[in-house]
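J.: only geometry, no sequence info:
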């Protein structure tokens, strides 16, 4: 029993790291408590990984579209993101390995993935990850993986963790978080997981400089490890129903293209419009359907390549089913009224 809200060890409470190791082992991952560094959110875990593994001026290859905050984390570490573009026509599958290889030069030190993906909801095929692993080994790169949506995979998909890729024990750094898994984004608890002792030692210096991850939030996160699998089953069923309603509804709107996301709770769709930034702003400022409208994220913010994604938006299906259906109605009406509509 704790009687004061003291600092935890910089690497996090041992009881929580032991519990988290058991969670990973239950998911088929070979992780021990000593492989885990508890962080202030998954964001800090990735910043620690960048700053522990890379030098200013180094390059990290990232499939785009990607989580926009990766840009800020890279700037903090003084490293450069080099995009490899995934295509909506391919369901935002992992780009061909040859595309990654073409981007590698003497400054390339790492590849960063998000699987399942934000903003696309794509779950990468195991064989694609195996091929990428060979590239990582051949060029002696680090492989950073953001796997915070692991529980949210649909249609029987089983996401393959980078920790399951053979021969990459010294190359892989996993980023994790309680934010999505338990809907605890305000707790700000994440984890950096790696078998590489030198990387852990370097990251501990940054961890000690910020003293400790949040004490109360670690206690809450440790308790969350007892969440039953039935909870996740119910959540997945709910998200699948929302996804299906969204995708079916969008595909019935002329001119709209949307892949069927295999995980997370996002979909990126391409619309018959001139510019997604202008359209999303117009939706909020100038359009309503009997008082309702839809807030979306222009996909341009998820691309590093200038001019990419200009007709795409990200939609998060985090609302209840009737509101998803109503959002599709609003979007259909809006596309009919938008002055910048462009049919291709």
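T.: Great, that's in hand. These figures come from a predicted structure and were not determined experimentally. Residues are numbered from 1 along each chain as shown.

J.: Please report how far the nearest residue to residue 97 once chain neighbours are set aside lies from residue 137.
T.: In this structure, residue 97 finds its nearest non-sequential neighbour in residue 131, 4.9 Å apart by C-beta to C-beta, 6 or more residues apart in numbering. C-beta: built from backbone N, CA, C; applies to glycine. Residue 131 is 11 Å from residue 137, where distance means C-beta to C-beta, to the nearest Å.

J.: ok, back up a step: list of residues touching the helix or strand encompassing the residue nearest to residue 97?
T.: Assigning secondary structure by DSSP states H and E places residue 131 in helix 126-139. By C-beta atoms under 8 Å, 6 or more residues apart in numbering, the residues outside helix 126-139 that reach it are 93-94, 97, 100-101, 104, 108, 111, 113, 115, 141-143, 160, 162, 165-168, 171.

J.: Now with 10 Å, please.
T.: Helix 126-139 is contacted by residues 61, 63, 93-98, 100-101, 104, 108-111, 113, 115, 124-125, 141-143, 145, 157-162, 164-168, 171-172 when judged by C-beta atoms under 10 Å, 6 or more residues apart in numbering.

J.: Buried residues of that helix, list them for me.
T.: 128, 129, 132, 133, 135, 136 (16 or more other C-beta atoms under 10 Å).

J.: Please state the mean pLDDT value computed over whatever helix or strand comes next after it.
T.: Using DSSP H and E, the next helix or strand after helix 126-139 towards the C-terminus is strand 142-146. The average pLDDT within strand 142-146 is 98.

J.: State the next helix or strand along the chain beyond strand 142-146.
T.: From strand 142-146, the next helix or strand downstream (DSSP H and E) is strand 172-177.

J.: which other helices and strands contact that next one?
T.: If you count contacts as 3 or more C-beta pairs under 10 Å, 6 or more residues apart in numbering; DSSP states H and E, strand 172-177 packs onto helix 14-26, strand 36-39, helix 41-53, strand 108-114, strand 142-146, strand 190-193, helix 197-209.

J.: Can you say which of these is nearest to residue 288?
T.: strand 108-114 (33.6 Å; C-beta to C-beta).

J.: now the closest one against helix 126-139, angle please.
T.: 160 degrees (axes from the mean of the first three to the mean of the last three C-alpha atoms, to 10 degrees).

J.: buried set for the helix or strand hosting residue 331?
T.: In this structure, residue 331 sits in helix 321-337 according to DSSP H and E. Buried positions in helix 321-337, judged by neighbour count with 16+ other C-beta under 10 Å: 324, 325, 326, 327, 328, 330, 331, 332, 333, 334, 335.

J.: out of those, who's nearest residue 281?
T.: Proximity to residue 281 was ranked across the buried residues of helix 321-337 by C-beta to C-beta; first place goes to residue 334, at 12.2 Å.

J.: Contacts only, for the nearest residue to the closest one once chain neighbours are set aside.
T.: Among residues not flanking residue 334 along the chain, residue 287 sits closest, at 5.1 Å (C-beta to C-beta, 6+ apart). Residue 287 sits next to 279, 293, 294, 330, 331, 333, 334, 337, 338 when contact means C-beta under 10 Å, 6+ apart.

J.: Residue 287 in helix, strand or coil?
T.: Following DSSP: H, G, I helix; E, B strand; the rest coil, residue 287 is assigned to coil.

J.: Distance check, it against residue 342.
T.: Applying C-beta to C-beta, the value for residue 287 to residue 342 is 17 Å.

J.: Please work out how many residues are found near residue 77.
T.: 21 (other C-beta atoms under 10 Å).

J.: ok, now which ones touch residue 81?
T.: By C-beta under 10 Å, 6+ apart, the contact list for residue 81 reads 59-62, 64, 66, 70-71, 73-75, 112, 304.
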